[in-house]
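Engineer: sequence-free structure coming up:
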DNA sequence: TTGGAAAGTCAACAACACTGACATAAAATT
DNA sequence: AATTTTATGTCAGTGTTGTTGACTTTCCAA
């Protein structure tokens, strides 16, 4: 039996940078933690979405439109990382159901700017409330130092281009 | 513009437990970080799987069989949280392709115990190597304290029943 | 005015989840 | 011994979400 728990082994190099010695076993634990945690992370919204006949893709669209009102379809595409056909199917239903409004751009009339309607805002709130509550609970259990570390590791785990999207939104709340 | 970055606000209560004051904005950042990080987390294995004509579901099966050799179908079902029909589709192809071996139980002949073949072990290794490398890199960038916090928050974010699975595997490497 | 970018549409397809119904074998219970 | 429960597998159908490829419309810009 391999002992892999407890505090990470660590050594201070002469330059001051700390070196980590991580066993494959420790890394596997991290991988499984991500898998199980992500399931917990999406469980609550999934239940709500199911109630209304929507899926995770609808949630993601609502979230990022809520986050950056007036965002264009193209911008949303690059954030979500799916094809326009895939996003369009989702957006179409949201627009038909009057949760999202699509306004033709004033400067560039090819672009469509996306906004949540009152109904869209309401659903986004319901989803967001549930997910934030789970996050808040996890943060509370883990404590402030853990939260800091959590965010740091997650940012390092993103693809670089996604870090860009993430950072942009951190700075200004929209792009 | 809302300022939401920097260190978490925190206060020491008389009892010694620290209270967290988290804005909705801070929690949203955590939510988005999870979203983007999970994409990065699965990106490398997804590319490899695509090469062999497999999907994420195959990866999960290979991972947990590798993790707990001889596990039963039922046990795998409860870990993965999918229906038996869904798991069976995946297992069938893996067994046909001779990546997984299914042995009838000795004590209880209804049960099937699952094992990776040499080929299965090889693919699992290839997937695992890629994913561990991403994890290792993120850990390295974030530092040891961050890693500890990362794991703590993830565990708190899981559903309780999944925490059980996770803890079991932490203790013994299998169940 | 012509080229190309942005947006949308249609069709086909695949992965992966679901439900429901049913079959088989073996263990457990009555 | 008969019945029920458990474990597994299978068939058929459905839904969400992703993909490619082809095509059109709109409209900015060189």
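Structural biologist: Great, that's in hand. For clarity, every value in this text was computed on a predicted model and none was experimentally measured.

Engineer: Which elements pack onto whichever strand or helix holds residue A:135?
Structural biologist: Taking DSSP states H and E as the criterion, residue A:135 maps to helix A:118-142. Applying 3 or more CB pairs under 8 Å, 6 or more residues apart in numbering or on different chains; DSSP states H and E, one finds that helix A:118-142 makes contact with helix A:24-52, helix A:56-67, helix A:144-157, helix B:24-52, helix B:144-157. All C-beta atoms are positioned from the backbone trio N, CA, C, and that covers glycine.

Engineer: Please tell me how far residue A:81 sits from residue A:103.
Structural biologist: 24 Å (CB to CB, to the nearest Å).

Engineer: got the residues of chain A near DNA strand C?
Structural biologist: Counting by CB under 7 Å from any atom of the strand, the residues of chain A lying close to DNA strand C are A:72-74, A:84-85, A:88, A:91-92, A:102, A:108, A:110-112.

Engineer: Among those residues, which lie within strands?
Structural biologist: Members of these lying in strands (criterion: DSSP state E): A:72, A:102, A:112.

Engineer: Distance to DNA strand D, pLDDT and neighbour count for the residues you listed - can I get that in a markdown table?
Structural biologist: As requested, those are exported to a markdown table (distance: CB to the nearest atom of the strand, whole Å; pLDDT from 0 to 100; neighbours: other CB atoms under 10 Å in any protein chain shown):
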| residue | distance to DNA strand D | pLDDT | neighbour count |
| --- | --- | --- | --- |
| A:72 | 13 | 93 | 17 |
| A:102 | 13 | 93 | 13 |
| A:112 | 11 | 91 | 17 |
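
Engineer: Dump those into a markdown table; add distance to residue A:49 as well.
Structural biologist: Below are these laid out as a markdown table (distance: CB to CB, whole Å):
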| residue | distance to residue A:49 |
| --- | --- |
| A:72 | 24 |
| A:102 | 21 |
| A:112 | 24 |
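
Engineer: What parts of chain A come near DNA strand D?
Structural biologist: Listed as neighbours of DNA strand D in chain A under the rule CB under 7 Å from any atom of the strand: A:49, A:53-58, A:60, A:80-83, A:85-87, A:89-90, A:104, A:108-110.

Engineer: who's more crowded, residue A:81 and residue A:103?
Structural biologist: Comparing residue A:81 with residue A:103 by other CB atoms under 10 Å in any protein chain shown, the one with more neighbours is residue A:81, at 16 against 11.

Engineer: Count the neighbours of the residue in chain A positioned nearest to DNA strand D for me.
Structural biologist: Closest residue of chain A to DNA strand D, CB to the nearest atom of the strand: residue A:55 (1.6 Å). Per other CB under 10 Å, the neighbour tally for residue A:55 reads 13.

Engineer: before we move on, what about the one 4 residues further on?
Structural biologist: Residue A:59 sits with 21 neighbouring residues when counted by other CB under 10 Å.

Engineer: what's the distance between the residue nearest the centre of chain A and residue A:35?
Structural biologist: By CA atoms, centre = their mean, the mean C-alpha position of chain A lies nearest to residue A:60, the distance being 7.9 Å. Counting by CB to CB, the gap from residue A:60 to residue A:35 is 19 Å.

Engineer: Check residue A:66 too.
Structural biologist: Going from residue A:66 to residue A:35 by CB to CB gives 27 Å.

Engineer: closest point of chain A to DNA strand C, which residue?
Structural biologist: Per CB to the nearest atom of the strand, residue A:74 is where chain A lies closest to DNA strand C, at 2.9 Å.

Engineer: isn't that residue right up against residue A:110?
Structural biologist: No. Judged on CB atoms under 8 Å, residue A:74 makes no contact with residue A:110 at a distance of 9.7 Å.

Engineer: out of those two, which sits in the more crowded spot?
Structural biologist: For residue A:74 versus residue A:110, neighbours defined as other CB under 10 Å are more numerous around residue A:74 (13 against 9).

Engineer: Show the contacting residues for that one.
Structural biologist: For residue A:74, the contacting residues are residue A:111, by CB atoms under 8 Å, 6 or more residues apart in numbering or on different chains.

Engineer: Point out where chain A drops to low pLDDT.
Structural biologist: A:1-20, A:167-175 (pLDDT under 70).

Engineer: Which one of the residues in it is closest to chain B?
Structural biologist: Using CB to the nearest CB, residue A:149 is the residue of chain A that sits closest to chain B, at 2.4 Å.

Engineer: how close does that residue get to residue A:155?
Structural biologist: Residue A:149 sits 11 Å away from residue A:155, taking CB to CB as the criterion.

Engineer: so what sits against both of the two?
Structural biologist: Overlap of the contact sets of residue A:149 and residue A:155 (by CB under 8 Å, 6+ apart) consists of residue B:142.

Engineer: so what's residue A:78 closest to, chain neighbours aside?
Structural biologist: Among residues not flanking residue A:78 along the chain, residue A:165 sits closest, at 7.3 Å (CB to CB, 6 or more residues apart in numbering or on different chains).

Engineer: and that neighbour, what element?
Structural biologist: Residue A:165 belongs to helix A:160-172, assigned by DSSP H and E.
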